[in-house]
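>>> Provided below are the primary sequence and the corresponding predicted coordinates.
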Amino acid sequence: MALNRITFDAAKMGGQACIRELRIPVATVVRCVASGMSSEEILEAYPDLEQEDIAEALQYAASLTEDRIIPLAQTGS
């Protein structure tokens, strides 16, 4: 899956994942969705965004949850 709308730039927003070189972090978009905002409300609040940006932000966030952390067994103390 290619994510063409997610960009990283150390000089913008501390290098965090943003939408299309804009100063709109992916985390902001995902947080809006999580808080119950509709796509229309998000697009109204952030006029530079497009519907495809929201979809890709969610795809990116979902891909981050695929990482697994396997705890190591602890040895005696």
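Thanks, I have it.

>>> CA atoms for contacts and neighbours, from now on please.
Fine.

>>> now the lengthiest helix in the chain, how far from the chain's geometric center?
Using DSSP state H, we find that the single longest helix of the chain is helix 51-64. With C-alpha atoms, centre = their mean, to the nearest Å as the basis, helix 51-64 stands 6 Å off its chain's centre.

>>> any idea of the mean pLDDT in stretch 32-44?
For stretch 32-44, mean pLDDT is 98.

>>> dump the residue contacts of residue 36.
If a contact means C-alpha atoms under 8 Å, 6 or more residues apart in numbering, then residue 36 has no contacts.

>>> wait, a strand at it?
No: counting by DSSP: H, G, I helix; E, B strand; the rest coil, one finds residue 36 to be coil, located in no strand.

>>> and it, how far is that from residue 61?
Distance of residue 36 to residue 61, given as C-alpha to C-alpha, to the nearest Å: 16 Å.

>>> cool, and residue 41?
Between residue 41 and residue 61 the computed distance is 20 Å (C-alpha to C-alpha).

>>> same question, residue 24
15 Å.

>>> which residues in this protein form helices?
26-34, 39-45, 51-64.

>>> what's the average pLDDT for the longest one?
Confidence for helix 51-64, expressed as mean pLDDT, is 95.
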